[in-house]
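1. Here's a sequence, model it:
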Amino acid sequence: MKYWLVKSEPHKYSWEKFNEDGRTFWDGVRNYQARNNLREMKEGDLALFYHSNEGKEVVGIAKIVKEAYQDPTTEDTNWVVVELEPVEALKKPVTLAQIKADPMLKDIQLIKLSRLSVASIKPEEFDHILQLGNE
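-> Numbering: from 1, shown residues only. Have a look, this model is predicted:
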């Protein structure tokens, strides 16, 4: 199993809306590295759901339920989507400031590649963020 972090601006697609929908395809990715990460996602992998721009915090956990296929919002075959379902909300959001201040997370792609909308997460980073969010 691999772990991921997916970013969404809450005014475009929030954790709350994701839970209302119960399932969504992750579209609109137009960065090659983020696209490659989508292609690597496998059914059953887990992803941290991060509110970017507003909030700047990890708010929940999602599961990949369908692997990469052609992005239905474009005819350009370079772009793919995966489907996600919500798993659970964190008891308390883990902020970007907390992540930046935590020595255990100093190499996390969220900081190192801050503009990347779909990033891989090491298992120990994933577990540590869950621990921070469920204290």
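2. Helices along this protein, start to end?
-> Secondary structure of the chain, counting by DSSP state H: helices at 15-21, 32-40, 96-101, 109-112, 123-133.
3. Show me what the first one is packed against.
-> Put plainly, it is helix 15-21. Applying 3 or more Cβ pairs under 8 Å, 6 or more residues apart in numbering; DSSP states H and E, we find helix 15-21 packed against strand 46-51, strand 57-70, strand 80-95. Every residue, glycine included, has its C-beta placed from N, CA and C.
4. Would you pull up how far it lies from the middle of the chain?
-> 14 Å (Cα atoms, centre = their mean, to the nearest Å).
5. Please name the nearest non-neighbouring residue to L116.
-> Nearest non-adjacent residue to L116, counting by Cβ to Cβ, 6 or more residues apart in numbering: A34, 5.5 Å away.
6. just checking, the one you found touches L113?
-> No - applying Cβ atoms under 8 Å as the test, A34 and L113 come out as separate, 9.3 Å apart.
7. what sits in contact with each of these two?
-> The overlap between the contact sets of A34 and L113 (Cβ atoms under 8 Å, 6 or more residues apart in numbering) consists of A119.
8. which one of these two has more residues nearby?
-> Set A34 next to L113 and count neighbours by other Cβ atoms under 10 Å: A34 wins out with 20 against 14.
9. dump the residue contacts of that one.
-> Residues in contact with A34, defined by Cβ under 8 Å, 6+ apart, are 116-119.
10. Export those as a markdown table, with columns for distance to E135, neighbour count and pLDDT.
-> Converted to a markdown table, these look like this (distance: Cβ to Cβ, whole Å; neighbours: other Cβ atoms under 10 Å; pLDDT from 0 to 100):
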| residue | distance to E135 | neighbour count | pLDDT |
| --- | --- | --- | --- |
| L116 | 27 | 17 | 93 |
| S117 | 27 | 22 | 94 |
| V118 | 27 | 23 | 97 |
| A119 | 23 | 23 | 97 |
